[in-house]
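Asks: Curious how this folds, go ahead:
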Amino acid sequence: MTFQKVRKAIFPVGGLGVRFLPATKAMPKEMLPVVDKPLIQYAVEEAMAAGIEQFIFVTGRGKSAIEDHFDRSFELEETLAQRNKKAELSMIASLLPEAGQVAYLRQQQPLGLGHAVWCARHLVGDEPVAVLLADDLVKADKPCLAQMIEAYQQVGGNLTAVMDVPKPHTDKYGIVQPGETRGRLVEVAGLVEKPSPAKAPSTLAVIGRYILDPAIFAELARKERGAGNEIQLTDAMAKLIGRQPFHGYRFVGRRFDCGDKAGFIEATIAYALEHEAIGKATRDMVRRFAEGLERDGA
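Replies: Next up is the predicted model:
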């Protein structure tokens, strides 16, 4: 069976980034750089590599830097051209989607991820859509979303990326009640948002990559509040269980929680270690720090 192509992606970028204050007081958290790219660029490049054709950003106040980042900068381009910086010119040109591929809309109230996705309903229409959270950075040889789209063509319905987490951390995630497992696909028999470890049905957690059937918008339109008094995307997805196919996909790759300071630092080190220009210097630096900690008994 062939399912409709996934052509569109939603990027919810309206959050306040409170955990990264004061850095995010005047800069969107999605623009925080991991080495030399902002988080949102990693997410957009992942979507491009998966064949996404239309990019929908759900923004909020103070997010204009994201729009500027994915637009041309004529002054910068002219300066680089005058200095014969061909590599840099090529690099900034490569990060720009084609004209007409990008749309921006406002989430006027911070009512949760489900509400942010619902705000994009008219731009999505009656077709499946991917959702990527820039906070979740996935380092993989084959982009996580590309893996998921291949799996989606087998099962359709709703699909989310999943990974096992330590049991004490289940209250930070949407947790899957697993059904039948087939390779990397896990049937979702139930879904609970941020359960306590004692009540969690498993340790299989949803991370910020989704492919959603358009039926999700009717559920989100009910605007029912869940955990944190927010409109939760996982709650709406759970209501579609039994009505549509719903699977988790155990992706191949390493996920970094860049909404957390320690996770952000871990991602920066991991990417710096493999960076063409600074990889060796980073390895030497990490080694010196490790030797110093060992010497100090830390």
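Asks: Spatially nearest residue to Leu16 (excluding sequence neighbours)?
Replies: Pro110 (6.8 Å; CB to CB, 6 or more residues apart in numbering). Where C-beta positions appear, they are placed from N, C-alpha and C, glycine not excepted.
Asks: Could you report the neighbour count for that neighbour?
Replies: 13 (other CB atoms under 10 Å).
Asks: Ala218 now?
Replies: Residues near Ala218, counting by other CB under 10 Å, number 13.
Asks: Can I get stretch 30-40 in PDB, CA atoms only?
Replies: Extracted in PDB, the C-alpha atoms of stretch 30-40 (Å, rounded to 0.1, in the frame of the first residue of the first chain):
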ATOM      1  CA  GLU A  30      16.400  27.900  18.600                       C
ATOM      2  CA  MET A  31      19.200  30.200  17.500                       C
ATOM      3  CA  LEU A  32      21.600  28.900  20.200                       C
ATOM      4  CA  PRO A  33      24.600  27.500  18.200                       C
ATOM      5  CA  VAL A  34      25.900  24.000  18.500                       C
ATOM      6  CA  VAL A  35      29.500  24.700  17.300                       C
ATOM      7  CA  ASP A  36      28.700  26.900  14.200                       C
ATOM      8  CA  LYS A  37      25.000  26.200  13.400                       C
ATOM      9  CA  PRO A  38      21.900  27.300  15.300                       C
ATOM     10  CA  LEU A  39      19.700  24.500  16.500                       C
ATOM     11  CA  ILE A  40      16.900  25.400  14.100                       C
END
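Asks: What residues of that stretch count as buried?
Replies: When burial is assessed from 16 or more other CB atoms under 10 Å, stretch 30-40 yields the following buried residues: Glu30, Met31, Leu32, Val34, Val35, Pro38, Leu39, Ile40.
Asks: farthest-separated two in those?
Replies: Across the buried residues of stretch 30-40, the two members that end up farthest from each other (CB to CB) are Glu30 and Val35, 15.5 Å apart.
Asks: pLDDT score assigned to the residue nearest to Leu16?
Replies: What the model reports for Pro110 is a pLDDT of 80.
Asks: now do Asp71
Replies: Per-residue confidence at Asp71 stands at 88 (pLDDT).
Asks: Name the nearest residue to it, ignoring sequence neighbours.
Replies: According to CB to CB, 6+ apart, the nearest residue to Asp71 is Leu96 (7.5 Å).
Asks: What segments of this structure are helices?
Replies: With helices called from DSSP state H, the chain shows them at 39-49, 64-69, 74-82, 86-94, 113-119, 121-124, 144-155, 216-220, 233-238, 261-273, 279-296.
Asks: now for the ones you listed, which one comes closest to Thr2?
Replies: That would be helix 144-155 among these, by CB to CB, at 7.2 Å.
Asks: My guess is Val13 contacts Ala134. True?
Replies: Yes - between Val13 and Ala134 there is a contact under CB atoms under 8 Å: 6.6 Å.
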